[in-house]
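> next comes the sequence, and after it the predicted model I'd like to discuss.
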Amino acid sequence: MKRTFPILIAFGILFAGIGVYFGVNEYSPKAPADDGGVRLFALSLPDAKGSSIALSQYRGKPVLVNFWATWCPPCVDEMPELNALQQEFGAQKMQIIGIGIDSATNIADFAVKQKIDYPLLVGGAGGTDLSRQLGNKAGGLPFTVLIDASGKVRKQYLGRVKIEQLRSDLRAL
């Protein structure tokens, strides 16, 4: 028994390490298989009032797409910072788009209560699939994607964004 205990411990450490390795590789944001920006700009999504918004109108400048939900505290917490970032850079230099993984009613109610200057669009359940096409393999929220002016996905952020890092990444474009 005394000889098998260290062997069991060694195997436990080995398998834990293997699990961590595959877990990190499986759930880290991955670059889209194809040009996700092109696919994104081909879409039209409804806004909180039900009007269809063609995302192609944002082509030609950097776009920051933030996938969020009203029931997601980190999503809601980062929105004032994203709003300030939109005001700082201005719609002429860059555009933030919020795609809600939520119902149109919840997003409309949220839009009435909060003062957000960038478009809040309704992705619904299909928004999760769209976020996965843009590299969100884990399907977690919030998920933010930085797309350059040519439509190429430059960076993905899973979880609450670090606003200074995001500001630096935007300036680099």
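Okay, I see it.

> now do the helices in the chain.
Using DSSP state H, the helices assigned to the chain run over residues 4-27, 36-41, 73-93, 104-113, 126-133, 163-172.

> hang on, isn't Val63 packed against Thr144?
No - counting by Cβ atoms under 8 Å, Val63 sits too far from Thr144 to count as a contact (10.8 Å). Yep, even glycine has a C-beta here, placed from its N, CA and C like the rest.

> more neighbours: those two, which one.
Thr144 (27 against 21; other Cβ atoms under 10 Å).

> residues in a beta bridge with that one, which ones?
Asn66, Tyr157 (DSSP bridges).

> name the spans of the chain whose pLDDT lies under the cut-off.
Scanning the chain with the threshold set as pLDDT under 70 gives 1-35.

> care to break it down by domain?
If you go by automatic domain parsing, the domain ranges for the chain are 1-30, 31-172.

> okay, those domains, which one's buried deepest?
Most buried of these by mean neighbour count (mean count of other Cβ atoms under 10 Å) is domain 31-172; its value is a mean of 18.

> chain center to that domain, what's the gap?
The chain centre lies 6 Å from the centre of domain 31-172; the measure is Cα atoms, centre = their mean, to the nearest Å.
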